[in-house]
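K.L.:
Predicted model follows, preceded by the sequence.
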Amino acid sequence: MDEFLIAQHGYPPWSGEIEFSRDAVNTALDIFNIRGQDNEFAGTEVGDYTGYHVSGGIALTRRLWIDGSYWWRTLTATQEDISGTSWSLAAQYQATVNLDWLPAVSLRLSRWGTDSEDVDRSTNSVLRDFNISSVRVTSPADEQWQGDIIGSWFVDDMESFTAFFGYGKSTVSYNQLLASFSNDCVYSLQSPSKNQLTGQLYSGDPLVCELLDFNLNSNDAVYPGEGFGMAYSGTYFHFGGMYQTFDENWRFRLGYRFQSHQRSVDAEVAANDVSVVSSNHIITSEVGFKLSRYWALFARATFYKNQLLGEMPFAYNVFTAHRFDKKYGLLSFGLVTGF
(Lines give C-alpha, C1' and ligand atoms only; values in the text may rest on other atoms or scores of the structure.)
Protein backbone atom coordinates (compact mmCIF):
# COMPACT_ATOMS: atom_id res chain seq x y z
CA MET A 1 0.00 0.00 0.00
CA ASP A 2 2.46 2.61 -1.15
CA GLU A 3 -0.42 5.09 -1.40
CA PHE A 4 -0.09 5.51 2.39
CA LEU A 5 3.64 6.21 2.51
CA ILE A 6 4.55 8.90 5.05
CA ALA A 7 7.88 10.47 5.96
CA GLN A 8 7.40 10.56 9.73
CA HIS A 9 5.60 7.75 11.54
CA GLY A 10 5.61 9.46 14.93
CA TYR A 11 6.49 6.48 17.11
CA PRO A 12 9.15 6.63 19.84
CA PRO A 13 12.00 4.07 19.66
CA TRP A 14 10.94 0.43 19.96
CA SER A 15 7.28 1.26 19.45
CA GLY A 16 5.17 0.56 16.38
CA GLU A 17 2.03 -1.10 15.07
CA ILE A 18 0.73 -4.41 13.69
CA GLU A 19 -2.20 -4.78 11.28
CA PHE A 20 -4.39 -7.87 10.75
CA SER A 21 -6.68 -7.79 7.72
CA ARG A 22 -9.19 -9.78 5.71
CA ASP A 23 -9.10 -8.87 2.00
CA ALA A 24 -11.80 -9.73 -0.51
CA VAL A 25 -13.84 -8.82 -3.54
CA ASN A 26 -16.82 -10.63 -5.06
CA THR A 27 -20.18 -9.78 -6.56
CA ALA A 28 -21.74 -9.09 -3.15
CA LEU A 29 -18.93 -6.68 -2.18
CA ASP A 30 -18.82 -4.93 -5.57
CA ILE A 31 -20.88 -2.00 -4.32
CA PHE A 32 -19.62 0.34 -7.07
CA ASN A 33 -20.32 -2.25 -9.80
CA ILE A 34 -16.69 -2.24 -10.96
CA ARG A 35 -16.64 -5.95 -11.84
CA GLY A 36 -20.26 -5.83 -12.98
CA GLN A 37 -19.17 -3.70 -15.94
CA ASP A 38 -17.10 -6.57 -17.37
CA ASN A 39 -18.93 -7.78 -20.48
CA GLU A 40 -17.26 -11.18 -20.37
CA PHE A 41 -17.33 -12.24 -16.71
CA ALA A 42 -19.97 -10.08 -15.01
CA GLY A 43 -22.11 -12.18 -12.69
CA THR A 44 -19.55 -15.00 -12.46
CA GLU A 45 -16.96 -15.87 -9.83
CA VAL A 46 -14.09 -15.15 -12.22
CA GLY A 47 -12.04 -12.36 -10.69
CA ASP A 48 -13.13 -13.05 -7.10
CA TYR A 49 -10.36 -12.38 -4.60
CA THR A 50 -10.00 -13.76 -1.08
CA GLY A 51 -7.05 -13.38 1.24
CA TYR A 52 -5.51 -12.18 4.45
CA HIS A 53 -2.50 -10.14 5.36
CA VAL A 54 -0.40 -9.20 8.36
CA SER A 55 1.75 -6.09 8.28
CA GLY A 56 3.61 -4.01 10.78
CA GLY A 57 6.46 -1.67 11.54
CA ILE A 58 8.70 -0.58 14.39
CA ALA A 59 10.76 2.54 15.08
CA LEU A 60 14.36 1.61 15.89
CA THR A 61 15.19 5.26 16.56
CA ARG A 62 13.33 8.54 16.12
CA ARG A 63 14.50 8.58 12.50
CA LEU A 64 14.88 4.91 11.51
CA TRP A 65 11.79 2.82 10.77
CA ILE A 66 11.50 -0.75 9.45
CA ASP A 67 8.36 -2.54 8.31
CA GLY A 68 7.18 -5.68 6.54
CA SER A 69 4.08 -7.56 5.42
CA TYR A 70 2.93 -11.03 4.44
CA TRP A 71 -0.13 -11.71 2.26
CA TRP A 72 -2.08 -14.86 1.47
CA ARG A 73 -4.01 -14.48 -1.81
CA THR A 74 -6.41 -16.57 -3.91
CA LEU A 75 -7.77 -15.27 -7.21
CA THR A 76 -10.50 -17.13 -9.10
CA ALA A 77 -9.57 -17.63 -12.76
CA THR A 78 -11.39 -19.18 -15.72
CA GLN A 79 -10.01 -22.70 -15.20
CA GLU A 80 -8.30 -22.94 -11.82
CA ASP A 81 -7.81 -20.68 -8.82
CA ILE A 82 -4.42 -18.95 -8.57
CA SER A 83 -3.04 -19.01 -5.04
CA GLY A 84 0.12 -17.47 -3.71
CA THR A 85 1.80 -15.39 -1.06
CA SER A 86 3.26 -11.90 -1.18
CA TRP A 87 5.86 -10.38 1.11
CA SER A 88 7.66 -7.11 1.68
CA LEU A 89 10.54 -5.77 3.77
CA ALA A 90 11.57 -2.11 4.01
CA ALA A 91 13.81 0.29 5.87
CA GLN A 92 13.14 4.03 6.01
CA TYR A 93 15.35 6.84 7.28
CA GLN A 94 14.03 10.33 8.05
CA ALA A 95 16.65 12.82 6.86
CA THR A 96 14.92 16.11 7.76
CA VAL A 97 12.00 17.44 9.82
CA ASN A 98 9.10 19.60 8.67
CA LEU A 99 9.96 23.29 9.09
CA ASP A 100 7.39 25.77 7.72
CA TRP A 101 7.01 24.97 4.01
CA LEU A 102 9.97 22.55 3.99
CA PRO A 103 8.71 18.95 4.34
CA ALA A 104 10.00 16.17 6.50
CA VAL A 105 11.95 14.03 4.02
CA SER A 106 12.61 10.29 4.27
CA LEU A 107 14.55 7.83 2.11
CA ARG A 108 13.11 4.35 1.80
CA LEU A 109 14.51 1.09 0.40
CA SER A 110 12.26 -1.94 0.03
CA ARG A 111 12.30 -5.45 -1.36
CA TRP A 112 9.04 -7.23 -2.15
CA GLY A 113 7.64 -10.04 -4.24
CA THR A 114 5.11 -12.80 -4.85
CA ASP A 115 5.46 -16.59 -4.85
CA SER A 116 2.66 -18.56 -6.49
CA GLU A 117 1.62 -22.17 -6.52
CA ASP A 118 1.91 -24.06 -9.82
CA VAL A 119 -0.49 -22.85 -12.51
CA ASP A 120 -2.23 -25.47 -14.70
CA ARG A 121 -4.11 -24.81 -17.92
CA SER A 122 -5.96 -27.17 -20.27
CA THR A 123 -5.28 -26.77 -23.96
CA ASN A 124 -5.87 -28.45 -27.33
CA SER A 125 -2.61 -27.34 -28.92
CA VAL A 126 -0.74 -29.39 -31.49
CA LEU A 127 3.08 -29.44 -31.57
CA ARG A 128 4.18 -31.01 -34.84
CA ASP A 129 2.45 -34.42 -34.62
CA PHE A 130 1.89 -34.31 -30.84
CA ASN A 131 -1.35 -33.28 -29.12
CA ILE A 132 -0.81 -31.25 -25.95
CA SER A 133 -3.64 -31.66 -23.43
CA SER A 134 -2.39 -29.33 -20.66
CA VAL A 135 0.52 -27.16 -19.57
CA ARG A 136 1.84 -26.43 -16.10
CA VAL A 137 4.00 -23.51 -15.02
CA THR A 138 5.83 -24.41 -11.83
CA SER A 139 6.70 -21.89 -9.11
CA PRO A 140 5.95 -18.60 -10.91
CA ALA A 141 7.29 -15.68 -8.90
CA ASP A 142 8.34 -12.06 -9.01
CA GLU A 143 10.81 -9.99 -7.00
CA GLN A 144 11.34 -6.23 -6.83
CA TRP A 145 13.86 -3.77 -5.38
CA GLN A 146 12.45 -0.27 -4.89
CA GLY A 147 13.69 3.08 -3.67
CA ASP A 148 11.47 6.01 -2.64
CA ILE A 149 11.80 9.65 -1.63
CA ILE A 150 8.96 10.76 0.65
CA GLY A 151 8.04 14.26 1.78
CA SER A 152 5.39 15.07 4.39
CA TRP A 153 3.92 18.38 5.56
CA PHE A 154 2.15 18.44 8.94
CA VAL A 155 -0.55 21.08 9.21
CA ASP A 156 -0.83 20.26 12.93
CA ASP A 157 -0.59 17.17 15.11
CA MET A 158 -3.72 15.69 13.49
CA GLU A 159 -3.47 16.55 9.78
CA SER A 160 -0.80 15.95 7.15
CA PHE A 161 -0.09 15.84 3.42
CA THR A 162 2.47 13.54 1.78
CA ALA A 163 4.04 13.29 -1.68
CA PHE A 164 6.40 10.56 -2.89
CA PHE A 165 8.36 9.37 -5.90
CA GLY A 166 9.95 5.95 -6.40
CA TYR A 167 11.84 3.79 -8.88
CA GLY A 168 12.20 0.02 -8.97
CA LYS A 169 13.53 -3.02 -10.81
CA SER A 170 11.51 -6.18 -11.29
CA THR A 171 12.27 -9.81 -12.18
CA VAL A 172 9.56 -12.31 -13.13
CA SER A 173 10.52 -15.99 -13.22
CA TYR A 174 9.30 -19.56 -13.09
CA ASN A 175 10.95 -22.94 -12.54
CA GLN A 176 9.73 -25.15 -15.39
CA LEU A 177 7.15 -25.24 -18.19
CA LEU A 178 5.67 -28.74 -18.39
CA ALA A 179 3.53 -29.95 -21.31
CA SER A 180 1.32 -33.04 -20.98
CA PHE A 181 0.80 -34.97 -24.19
CA SER A 182 -2.28 -37.10 -24.83
CA ASN A 183 -0.38 -40.32 -23.98
CA ASP A 184 0.29 -39.11 -20.40
CA CYS A 185 3.86 -38.19 -21.22
CA VAL A 186 4.99 -34.93 -19.63
CA TYR A 187 7.90 -32.97 -21.10
CA SER A 188 9.89 -30.08 -19.71
CA LEU A 189 10.07 -27.48 -22.49
CA GLN A 190 12.76 -24.91 -23.26
CA SER A 191 13.02 -22.45 -26.12
CA PRO A 192 16.60 -21.12 -26.35
CA SER A 193 15.54 -18.91 -29.28
CA LYS A 194 12.53 -18.24 -31.48
CA ASN A 195 14.02 -20.75 -33.94
CA GLN A 196 14.36 -23.64 -31.51
CA LEU A 197 12.21 -25.67 -29.11
CA THR A 198 13.53 -28.53 -27.00
CA GLY A 199 11.95 -30.94 -24.56
CA GLN A 200 13.00 -33.65 -22.15
CA LEU A 201 10.78 -36.35 -20.70
CA TYR A 202 9.77 -35.23 -17.20
CA SER A 203 7.33 -37.97 -16.21
CA GLY A 204 5.70 -40.94 -17.92
CA ASP A 205 6.61 -44.48 -18.92
CA PRO A 206 9.66 -44.37 -21.23
CA LEU A 207 8.37 -47.52 -22.92
CA VAL A 208 5.08 -45.79 -23.80
CA CYS A 209 6.34 -42.32 -24.61
CA GLU A 210 7.56 -42.01 -28.18
CA LEU A 211 10.47 -39.72 -27.32
CA LEU A 212 12.80 -39.25 -24.38
CA ASP A 213 13.74 -35.82 -25.72
CA PHE A 214 13.34 -33.74 -28.86
CA ASN A 215 14.96 -30.73 -30.53
CA LEU A 216 12.90 -28.78 -33.07
CA ASN A 217 14.50 -26.15 -35.29
CA SER A 218 13.00 -23.74 -37.79
CA ASN A 219 14.35 -21.09 -40.14
CA ASP A 220 11.36 -18.94 -39.20
CA ALA A 221 10.75 -17.43 -35.74
CA VAL A 222 7.86 -19.75 -34.88
CA TYR A 223 8.74 -20.63 -31.28
CA PRO A 224 8.22 -18.53 -28.12
CA GLY A 225 11.89 -17.88 -27.36
CA GLU A 226 13.66 -17.65 -24.03
CA GLY A 227 11.26 -17.31 -21.11
CA PHE A 228 8.19 -18.23 -23.20
CA GLY A 229 6.97 -14.66 -22.69
CA MET A 230 6.44 -15.43 -19.00
CA ALA A 231 9.92 -14.79 -17.54
CA TYR A 232 11.27 -11.29 -18.01
CA SER A 233 12.78 -8.25 -16.34
CA GLY A 234 11.53 -4.69 -16.09
CA THR A 235 11.76 -1.31 -14.46
CA TYR A 236 9.06 1.00 -13.13
CA PHE A 237 8.52 4.33 -11.49
CA HIS A 238 5.62 5.66 -9.47
CA PHE A 239 4.52 8.82 -7.74
CA GLY A 240 1.58 9.92 -5.67
CA GLY A 241 0.42 11.37 -2.42
CA MET A 242 -1.74 11.01 0.67
CA TYR A 243 -3.96 13.15 2.86
CA GLN A 244 -4.44 12.09 6.48
CA THR A 245 -6.52 13.50 9.32
CA PHE A 246 -7.54 12.07 12.69
CA ASP A 247 -8.88 12.95 16.13
CA GLU A 248 -9.14 11.06 19.40
CA ASN A 249 -11.40 8.35 17.93
CA TRP A 250 -11.35 8.51 14.11
CA ARG A 251 -8.73 8.43 11.37
CA PHE A 252 -9.23 9.05 7.65
CA ARG A 253 -6.65 8.49 4.90
CA LEU A 254 -6.92 9.03 1.15
CA GLY A 255 -4.04 8.09 -1.14
CA TYR A 256 -3.30 8.10 -4.87
CA ARG A 257 -0.50 6.44 -6.87
CA PHE A 258 0.43 6.42 -10.56
CA GLN A 259 2.62 3.59 -11.90
CA SER A 260 4.53 3.32 -15.18
CA HIS A 261 6.13 0.00 -16.22
CA GLN A 262 8.73 -0.85 -18.85
CA ARG A 263 9.20 -4.60 -19.42
CA SER A 264 11.40 -6.70 -21.69
CA VAL A 265 8.30 -8.68 -22.70
CA ASP A 266 6.37 -5.65 -24.00
CA ALA A 267 7.63 -5.98 -27.58
CA GLU A 268 6.45 -9.59 -27.69
CA VAL A 269 3.04 -8.62 -26.32
CA ALA A 270 2.70 -5.95 -29.01
CA ALA A 271 3.81 -8.42 -31.71
CA ASN A 272 0.77 -10.54 -30.81
CA ASP A 273 -1.53 -7.61 -31.68
CA VAL A 274 -2.31 -7.06 -27.99
CA SER A 275 -2.23 -3.60 -26.44
CA VAL A 276 0.58 -3.24 -23.91
CA VAL A 277 -0.77 -2.15 -20.52
CA SER A 278 2.07 -0.13 -19.07
CA SER A 279 0.48 2.07 -16.41
CA ASN A 280 -1.99 2.01 -13.56
CA HIS A 281 -3.89 4.52 -11.43
CA ILE A 282 -4.58 3.39 -7.86
CA ILE A 283 -6.79 5.14 -5.30
CA THR A 284 -7.03 3.89 -1.71
CA SER A 285 -9.25 5.28 1.05
CA GLU A 286 -9.50 4.19 4.66
CA VAL A 287 -11.61 4.93 7.74
CA GLY A 288 -10.44 3.81 11.17
CA PHE A 289 -12.13 3.88 14.59
CA LYS A 290 -10.29 3.62 17.89
CA LEU A 291 -11.65 0.89 20.17
CA SER A 292 -9.24 1.34 23.05
CA ARG A 293 -5.83 2.75 23.83
CA TYR A 294 -4.07 0.06 21.78
CA TRP A 295 -6.67 -1.27 19.30
CA ALA A 296 -8.54 0.18 16.33
CA LEU A 297 -10.86 -1.08 13.59
CA PHE A 298 -10.42 -0.08 9.95
CA ALA A 299 -12.18 -0.45 6.60
CA ARG A 300 -10.20 0.16 3.41
CA ALA A 301 -11.15 0.29 -0.28
CA THR A 302 -8.72 0.24 -3.21
CA PHE A 303 -9.53 1.00 -6.84
CA TYR A 304 -7.25 -0.10 -9.71
CA LYS A 305 -7.63 1.37 -13.20
CA ASN A 306 -5.94 -1.67 -14.81
CA GLN A 307 -6.49 -4.82 -12.79
CA LEU A 308 -3.78 -5.72 -10.26
CA LEU A 309 -1.04 -4.41 -12.55
CA GLY A 310 2.05 -3.81 -10.44
CA GLU A 311 0.53 -5.59 -7.44
CA MET A 312 1.43 -9.12 -8.57
CA PRO A 313 3.83 -8.64 -11.52
CA PHE A 314 4.14 -12.36 -12.32
CA ALA A 315 0.49 -12.40 -13.40
CA TYR A 316 1.30 -10.20 -16.44
CA ASN A 317 2.73 -12.04 -19.47
CA VAL A 318 2.11 -12.54 -23.20
CA PHE A 319 -0.83 -14.85 -22.48
CA THR A 320 -2.64 -12.65 -19.93
CA ALA A 321 -1.79 -9.08 -21.03
CA HIS A 322 -5.09 -8.72 -22.90
CA ARG A 323 -7.01 -8.95 -19.60
CA PHE A 324 -5.21 -6.11 -17.81
CA ASP A 325 -7.17 -3.24 -19.33
CA LYS A 326 -10.07 -3.83 -16.91
CA LYS A 327 -10.93 -1.99 -13.70
CA TYR A 328 -10.65 -3.76 -10.38
CA GLY A 329 -11.42 -3.11 -6.72
CA LEU A 330 -10.45 -4.60 -3.38
CA LEU A 331 -11.90 -4.24 0.13
CA SER A 332 -10.05 -4.84 3.39
CA PHE A 333 -11.36 -5.01 6.94
CA GLY A 334 -9.30 -5.55 10.05
CA LEU A 335 -7.67 -4.54 13.29
CA VAL A 336 -4.55 -2.54 14.02
CA THR A 337 -2.75 -2.47 17.35
CA GLY A 338 0.01 -0.27 18.67
CA PHE A 339 2.75 -1.29 21.03
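P.N.:
Received it, and whenever you're ready, just let me know what you need.
K.L.:
What's the local residue count around the closest residue to residue 103 other than its chain neighbours?
P.N.:
Using CB to CB, 6 or more residues apart in numbering and skipping the chain neighbours, the partner closest in space to residue 103 is residue 151 (3.6 Å). Any C-beta I mention is one placed from the backbone N, CA and C, and that applies to glycine too. By other CB atoms under 10 Å, the residues close to residue 151 number 20.
K.L.:
May I have the strands that pair with the host helix or strand of residue 151, each with its orientation?
P.N.:
Assigned by DSSP states H and E, residue 151 belongs to strand 141-156. Applying DSSP bridges to the sheet, strand 141-156 is found paired with strand 104-116 (antiparallel), strand 159-173 (antiparallel).
K.L.:
Buried residues in it, which are they?
P.N.:
141-144, 146, 148-154 (16 or more other CB atoms under 10 Å).
K.L.:
One more: stretch 276-290?
P.N.:
Quick answer for stretch 276-290 (16+ other CB under 10 Å): 276-278, 280, 282-286, 288, 290.
K.L.:
re earlier: redo the strands paired with strand 141-156 as TSV? Include distance to residue 68.
P.N.:
TSV is the format used below for the strands paired with strand 141-156 (distance: least, CB to CB, whole Å):
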stretch	distance to residue 68
strand 104-116	9
strand 159-173	17
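K.L.:
For residue 57, which of the ones you listed is the nearest?
P.N.:
Ranking these by proximity to residue 57 (CB to CB) places strand 104-116 first, at 11.4 Å.
K.L.:
still on that earlier bit, now tell me what touches the strand holding residue 151 from outside.
P.N.:
The contact list for strand 141-156, computed with CB atoms under 8 Å, 6 or more residues apart in numbering, reads 2, 5-8, 92, 98, 101, 103-116, 160-174, 312-314.
K.L.:
tell me the mean pLDDT for that strand?
P.N.:
Computed over strand 141-156, the mean pLDDT rounds to 96.
K.L.:
and it, how far from the chain's centre?
P.N.:
16 Å (CA atoms, centre = their mean, to the nearest Å).
K.L.:
for stretch 318-334, same thing?
P.N.:
Between the centre of stretch 318-334 and the centre of its chain there are 10 Å (CA atoms, centre = their mean).
K.L.:
quick one: average confidence on it?
P.N.:
89.
K.L.:
what do you get for stretch 185-205?
P.N.:
Mean predicted lDDT for stretch 185-205 stands at 89.
K.L.:
Buried residues, that stretch. List them.
P.N.:
185-191, 196-199, 201, 204.
K.L.:
Equivalent analysis for stretch 238-247, please.
P.N.:
Those buried within stretch 238-247 under the rule 16+ other CB under 10 Å are 238-242, 244, 246.
K.L.:
right, and the pair among the buried residues of stretch 185-205 with maximum separation?
P.N.:
Across those (CB to CB), the longest gap, 22.8 Å, separates 196 and 204.
K.L.:
still on that earlier bit, please identify which of the buried residues of stretch 185-205 is nearest to residue 81.
P.N.:
For the buried residues of stretch 185-205, the nearest to residue 81 is residue 186 (21.8 Å; CB to CB).
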